[in-house]
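**Q** No sequence on hand, only this structure:
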C-alpha cells in the first residue's frame with residue numbers, strides 16, 4: 001500500500017527537501033521536520049522522497065516535481081555533492097528558473113564548498129565518473145538500445161559543466177553554520193521560506 005500523500009496542500013504550500021540519504025544529512029532533515037511539526041507551522045508543509053514515494057513509486061517523477069517547487073531546502077554535504085541523484089535534483093531546480101530565489105541551503109562543514117581546492121576535486125570527481133562510464137560504453141560492439149546509458153553520460157556531462165556555476169551561487173550566499181541553525185531551531189530558514197511563500201501568494205492575488 002502506498003504511503004499517504006499530503007492532502008492539505010491547498011491551504012499549505014509544499015516545501016521540498018533535497019538531501020543525501022543517511023548520516024548527518026538525514027539527522028538534519030528529521031530535526032528540521034520535528035521542529036516544523038512542533039511549531040505547527042501553517043504556512044508550509046515539508047515534503048521529502050521517503051515520505052512521498054511509496055512502493056514502486058516513480059522516483060524520477062518526484063525529483064522533477066521537486067525541481068519545480070516554489071521553495072526547496074537543500075542540505076549541502078560532501079555526500080550530496082557526490083550523489084548523481086542529488087545533482088540531478090539540483091540541475092532540475094536550476095532548469096526551472098529563479099534558482100537563487102527558490103533555494104534555501106543548509107551547508108554542512110564537510111562539504112567544503114568555500115575551499116577552491118576542494119571545488120576542483122569535486123569537478124575532477126565528475127570528470128572521472130563521466131570518463132569511466134564513457135570508456136566502458138565504447139567497448140560495446142553495438143551502441144544500439146543503450147538510451148539509458150546515453151542519458152547517464154549526458155547527466156554526468158551536465159553535472160560537470162554546471163556544477164561550479166550552481167555551487168558558486170550557493171557559496172556566495174550568507175549561509176549560517178549548522179551549529180547556528182541548530183541553536184536557533186532553523187528559525188532563519190523557516191522565516192525566509194515563509195517570506196518567500198507570502199510574496200508568492202501576494203503576487204498570485206495581484207495577478208488574479
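**A** Happy to help now that I have it. Treat the numbers as computed from the prediction; the structure is a model and nothing was measured. Numbering: from 1, shown residues only.

**Q** residue ranges of the strands in this structure, please?
**A** Per DSSP state E, the chain carries strands over the ranges 13-18, 44-47, 71-76, 103-107.

**Q** Mean pLDDT, distance to residue 189 and mean neighbour count added to the ones you listed, as CSV?
**A** Every C-beta, even on glycine, is put in place using the N, C-alpha and C of the backbone. Shown next, in CSV, are those (pLDDT from 0 to 100; distance: least, C-beta to C-beta, whole Å; neighbours: other C-beta atoms under 10 Å):
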stretch, mean pLDDT, distance to residue 189, mean neighbour count
strand 13-18, 93, 10, 23
strand 44-47, 90, 11, 19
strand 71-76, 97, 7, 24
strand 103-107, 97, 5, 21
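
**Q** Let me have the ones you listed in TSV, extended by distance to residue 192.
**A** Below are the strands of the chain laid out as TSV (distance: least, C-beta to C-beta, whole Å):
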stretch	distance to residue 192
strand 13-18	11
strand 44-47	11
strand 71-76	9
strand 103-107	6
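
**Q** So which of these is nearest residue 86?
**A** Closest approach to residue 86 among those (C-beta to C-beta): strand 13-18, 6.4 Å.

**Q** Let me see the contact set for the residue lying farthest from the centre of the chain.
**A** What lies farthest from the middle of the chain is residue 141; by C-alpha atoms, centre = their mean that is 37.4 Å. The contact partners of residue 141, by C-beta atoms under 8 Å, 6 or more residues apart in numbering, come to none.

**Q** Show the pLDDT at it.
**A** Residue 141 is assigned 88 on the pLDDT scale.

**Q** got it, and residue 165?
**A** For residue 165, pLDDT reads 97.

**Q** Pretty sure residue 170 sits against residue 103.
**A** Yes. Using C-beta atoms under 8 Å, residue 170 is in contact with residue 103, at 7.2 Å.

**Q** Can you tell me the closest non-neighbouring residue to residue 86?
**A** Nearest residue to residue 86, sequence neighbours excluded (C-beta to C-beta, 6 or more residues apart in numbering): residue 80, at 4.6 Å.

**Q** right, and the one you found touches residue 88 too?
**A** No. Using C-beta under 8 Å, residue 80 makes no contact with residue 88, being 11.5 Å away.

**Q** Who has more neighbours out of the two?
**A** residue 80 (23 against 19; other C-beta atoms under 10 Å).

**Q** tell me the contacts of the more buried one?
**A** 18, 19, 20, 25, 74, 86, 111.

**Q** between the residues you listed, which is nearest residue 50?
**A** residue 19 (9.9 Å).

**Q** Measure how buried residue 183 is and give me the count.
**A** If you count neighbours by other C-beta under 10 Å, residue 183 ends up with 11.

**Q** how much space between it and residue 176?
**A** 9 Å (C-beta to C-beta, to the nearest Å).

**Q** Check residue 103 too.
**A** Here residue 103 is placed at a distance of 15 Å from residue 176 (C-beta to C-beta).

**Q** same question, residue 91
**A** Distance from residue 91 to residue 176, by C-beta to C-beta: 25 Å.
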